[in-house]
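Asker: Sequence and predicted structure, then a few things I'm wondering about:
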Amino acid sequence: MHMRNQWGGSFELSTSEITSGYETSRTGDQWDKAALLDNSPPHPRAGLDETLQSWVLERPGSDKKHKYVDIGCMKLSHKALKWLFGIFFVGFCVIGLPIIVAKHWPKHHSKPIPPDNYTLALHKSLLFFNAQKSGKLPKNNGVPWRGDSGLLDGEELGDKKGLVGGYYDAGDNVKFHFPMSFAMTMLSWSVLEYKHKYVAVDEYHHARELIKWGADYLLLTFNSSATNIDKIQAQVGGSLNGSKTPDDHYCWQKPEDMDYPRPITSVFAGPDLAGEMAAALAAASIVFQDESDYSKKLLKGAETLFSFARDDGKRASYCRGQPYIEPYYNSTGYYDEYMWGGAWLFYATGNTSYISLATNPDLPKKANAFDMKPDLSVLSWDNKLPAAMLLLTRFRMFLNPGYPYEEMLSMYHNITSLSMCSYLHQFKVFEWSNGGLIQLNHGQGQPLQYVVNAAFLASLFADYMEARGVPGWNCGPNYFQRSDLKSFATSQMDYIMGQNPINMSYIVGYGKKFPTHVHHRGASIPNNHKSYSCTGGWKWRDTPNRNPNNITGAMVGGPDRFDHFQDSTKNYNYTEPTLAGNAGLVAALVSLTNTAGSGVDINSIFTFIPPFGPKNPPPPPPWTP
């Protein structure tokens, strides 16, 4: 094979030249390249250019200094080729090798952020609701010592479904529909505000299932297929005060073993009960907006209930004259439920008639909302004013609807701000224990249910301000950072979770030290496949031994105003948990957890509200002389 001639012509030699060349190569001599040229003038090669001549006349010794490698399109010296290979090698080491290693190296995903204490407590507090379920339990209920119960509830109504389901209220086996509805509203509110957190900690579907369990039951307590109703079932079971006959208080039996009468209390008036039930179903309808048919069913029930609540002929408290209700969940008014239910129905429907009602000046006037009484800033199953005004303040802060709602909304916003001020220690609106627990119920028993509600409202209002880029708020002439509200909320929740003078966590199953003598029938009676009679169970109520079953996640009543706590099954003021109390606990915990970041879901709660543009007030009437 011969090298291509870049200047034209052939490099092939004659036969004689090949032969002589071969022979000379064997003797070690080389051709004299100059001898190949014919320098006589007539020769056709006389005109070779200088480049070719320099190549032909190159001296044999010069090849040792400059060695070339032909790569087809160019010739490179060995030195240049070495540099080229060096550059490629360095580039491969710097760029290519790391890429190959990264591509084939075993993949290690970054570890998830470990859950904070609020998340750990949240997992447990939600489980409490599983322990309170009545009816036929799902297989994945997660509480091994609970079974089906209350399967005959409501059978005297003649309805196939009866009143099976729902939740037991506390340590007894009564189903009180008023606080149960409040608990479902609070759970729904927390899910709507903090859906992203529930999702991140893998509790979203659990929380929805708990809300649905309660909402499905509430639909059984009235004719939910009708537009107008004349009665509501307000309670299943109960006890007459001081009764010595078998009932839900006199007997100490597990729900699975109940063998005494469970009367149903029907009411034919009750704007407070109906308003709270309407709020619960309306809030749940927004939670389940992704299930259109079910959401509409809940909403229809909510509107039916609210019509009952607004009926002029039915405006008497649901507990009036009811001996099974008044000693336990006595409602002190219903105008707060009008504001509360109206706000939720507006969010669920976008119907402006509801927001017009909720901002009607007569409502807060009759509810004494602007009286600035400290007790009115305390959220509970009985008093919805602080929650209703915060919910309506949300409407102002994010949608700013303007006229004709602005005047009342701004007043609600101001009262909400002042309620938040009342929670701060320096203003001494409420007493505080030496250990740092605010006394929202004036040192009476079971204080924690009020504390968790206040912690939730404070934390939520701070999140509203953060979402709007507002750094703080005014308490009279003093300006406070929104972080002060978070500090209040965390201080109270940390106290409940164990940072208190006796280092006691008041959430069963959370922390190293928690109540073990909970006032709860199911938790205190062994799951030994034996049934105990009405009075036969008293020995488990009175035993000094700890509960055989931990009712995980239950927040007990709490300590007294001196930070003292009696871990005794018989002392319900200290050790009895409640459905409404745990709902506030869940809401406060999810608002404070930072495992999934911070902030609220601004828009989901407003899905059904049409766009609002600022409206100008009507012009003044023309002047007349």
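Answerer: That came through, no problem. Since the model is a prediction, treat every value here as computed from it, not as a measurement.
Asker: can we go C-alpha only for contacts and neighbour counts from here?
Answerer: Will do.
Asker: Point me to the helix or strand that includes residue 568.
Answerer: Assigning secondary structure by DSSP states H and E places residue 568 outside every helix and strand.
Asker: Can you check the pLDDT for residue 142?
Answerer: Turning to residue 142, the model gives it a pLDDT of 95.
Asker: try residue 177
Answerer: At residue 177, pLDDT is 98.
Asker: and what of residue 211?
Answerer: 98.
Asker: Please name the nearest non-neighbouring residue to it.
Answerer: By the measure of Cα to Cα, 6 or more residues apart in numbering, the closest residue to residue 211 outside its immediate chain neighbours is residue 184, 5.9 Å from it.
Asker: The one you found is in contact with residue 214, isn't it?
Answerer: Yes - the pair residue 184 and residue 214 qualifies as a contact (Cα atoms under 8 Å) at a distance of 6.5 Å.
Asker: Flag the shaky bits of the chain, pLDDT-wise.
Answerer: Where the chain drops to pLDDT under 70, the residues are 1-81, 84-85, 88, 90-94, 96-113, 613-615, 624-625.
Asker: residue ranges for the strands of it, please.
Answerer: 68-70, 75-77, 175-176, 232-236, 264-267, 431-432, 438-439, 472-475, 478-481 (DSSP state E).
Asker: could the ones you listed go into TSV alongside distance to residue 310 and mean neighbour count?
Answerer: Supplementary listing: the strands of the chain in TSV, determined by distance: least, Cα to Cα, whole Å; neighbours: other Cα atoms under 10 Å:
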stretch	distance to residue 310	mean neighbour count
strand 68-70	100	12
strand 75-77	98	14
strand 175-176	22	25
strand 232-236	14	22
strand 264-267	15	18
strand 431-432	38	17
strand 438-439	35	24
strand 472-475	36	16
strand 478-481	40	12
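Asker: Go through stretch 341-351 and flag the buried ones.
Answerer: Buried positions in stretch 341-351, judged by neighbour count with 16 or more other Cα atoms under 10 Å: 341, 342, 343, 344, 345, 346, 347, 348, 349, 350.
Asker: wait, I meant stretch 494-509
Answerer: For stretch 494-509, using 16+ other Cα under 10 Å, the buried residues are 494-500, 504-509.
Asker: ok, residue 184 and residue 214, which is more surrounded?
Answerer: residue 184 (28 against 24; other Cα atoms under 10 Å).
Asker: What sits closest to residue 571 if chain neighbours are left out?
Answerer: Here the residue nearest residue 571, using Cα to Cα, 6+ apart, is residue 519, at 7.1 Å.
Asker: Check residue 415 too.
Answerer: Per Cα to Cα, 6+ apart, closest to residue 415 is residue 370, 7.0 Å.
Asker: Go ahead and confirm residue 129 touches residue 579.
Answerer: Yes - the criterion here is Cα under 8 Å, and residue 129 meets it with residue 579 at 7.4 Å.
Asker: Pull up the overlap in contacts between these two.
Answerer: Common neighbours of residue 129 and residue 579 (criterion: Cα atoms under 8 Å, 6 or more residues apart in numbering): residue 167.
Asker: picking up where we left off before, can you say which of the strands of the chain is nearest to residue 419?
Answerer: Residue 419 lies closest to strand 472-475 among these, at 9.5 Å (Cα to Cα).
Asker: just how off-centre is that closest one within its chain?
Answerer: 27 Å (Cα atoms, centre = their mean, to the nearest Å).
Asker: Mind listing residues that contact it?
Answerer: When contacts are defined by Cα under 8 Å, 6+ apart, strand 472-475 is touched by residues 417, 418, 421, 465, 479, 480, 481, 482, 483.
Asker: Relative to residue 337, how far out is residue 281?
Answerer: Applying Cα to Cα, to the nearest Å, the value for residue 281 to residue 337 is 13 Å.
Asker: Kindly report the same for residue 378.
Answerer: From residue 378 to residue 337 the distance is 15 Å (Cα to Cα).
Asker: These two: which is more packed in?
Answerer: Neighbour count, other Cα under 10 Å: between residue 378 and residue 337, residue 337 has more, with 29 against 23.
Asker: Give me the distance between residue 557 and residue 563.
Answerer: Distance, residue 557 to residue 563, using Cα to Cα: 12 Å.
Asker: More neighbours: which of these two?
Answerer: residue 557 (25 against 16).
Asker: ok, for that one, nearest residue in space, not its chain neighbours?
Answerer: Residue 557 sits nearest to residue 446 (Cα to Cα, 6+ apart), 3.8 Å away.
Asker: How about the contacts made by that neighbour?
Answerer: Residues near residue 446 by Cα under 8 Å, 6+ apart: 556, 557, 558, 559, 573, 574.
Asker: let's go with 6 Å and repeat that
Answerer: By Cα atoms under 6 Å, 6 or more residues apart in numbering, the contact set of residue 446 is 557, 558, 573.
Asker: And for residue 377?
Answerer: Per Cα under 6 Å, 6+ apart, neighbours of residue 377: 386, 419.
Asker: mind redoing it with 10 Å?
Answerer: 369, 383-387, 415-416, 418-423, 440, 454 (Cα atoms under 10 Å, 6 or more residues apart in numbering).
Asker: most surrounded residue in those residues?
Answerer: residue 454 (28 neighbours).
Asker: Would you mind confirming that that residue makes contact with residue 440?
Answerer: Yes - here residue 454 reaches residue 440: they are 8.8 Å apart, a contact under Cα atoms under 10 Å.
Asker: list the residues that contact both of the two?
Answerer: Both residue 454 and residue 440 are contacted by 377, 378, 379, 423, 448, under the criterion Cα under 10 Å, 6+ apart.
Asker: I'd like the residues you listed as TSV, with distance to residue 355 appended.
Answerer: Below are the shared contacts of residue 454 and residue 440 laid out as TSV (distance: Cα to Cα, whole Å):
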residue	distance to residue 355
377	22
378	23
379	21
423	28
448	32
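Asker: tell me the two of those that are most distant?
Answerer: The farthest-apart pair in these, when distances are taken by Cα to Cα, is 377 and 448, at 15.4 Å.
Asker: Tell me which residues of stretch 536-555 come out buried.
Answerer: Neighbour counts over stretch 536-555 (16+ other Cα under 10 Å) mark 537-538, 540-541, 546-555 as buried.
Asker: what does stretch 564-572 give?
Answerer: 565, 566, 567, 568, 569, 570, 572.
Asker: Return the distance of the closest residue in space to residue 617 that isn't next to it in sequence relative to residue 353.
Answerer: Spatial nearest neighbour of residue 617, excluding adjacent residues (Cα to Cα, 6+ apart): residue 403 at 6.2 Å. Counting by Cα to Cα, the separation of residue 403 from residue 353 is 15 Å.
Asker: Compare those two (neighbour count), which wins?
Answerer: Taking other Cα under 10 Å, residue 403 and residue 353 do not tie; residue 403 has more neighbours (15 against 11).
Asker: Kindly list the main-chain dihedrals of residue 556?
Answerer: Reported as degrees, to the nearest 10, the phi and psi values for residue 556 are phi -80, psi 180.
Asker: count of neighbours near it?
Answerer: Neighbour count for residue 556, taken as other Cα under 10 Å: 30.
Asker: and it, what is it in contact with?
Answerer: So residue 556 contacts 170, 446-449, 496, 505-508, 514-515, 518-519, 567, 572-578, 581-582 (Cα under 10 Å, 6+ apart).
Asker: cutoff 8 Å now
Answerer: For residue 556, the contact set (Cα under 8 Å, 6+ apart) comprises 446, 448, 506, 507, 508, 515, 518, 574, 575, 576, 577, 578.
Asker: Now distance to residue 365 too, for these, in CSV please.
Answerer: Output for the contacts of residue 556, formatted as CSV (distance: Cα to Cα, whole Å):
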residue, distance to residue 365
446, 30
448, 29
506, 38
507, 38
508, 41
515, 43
518, 41
574, 36
575, 38
576, 36
577, 34
578, 31
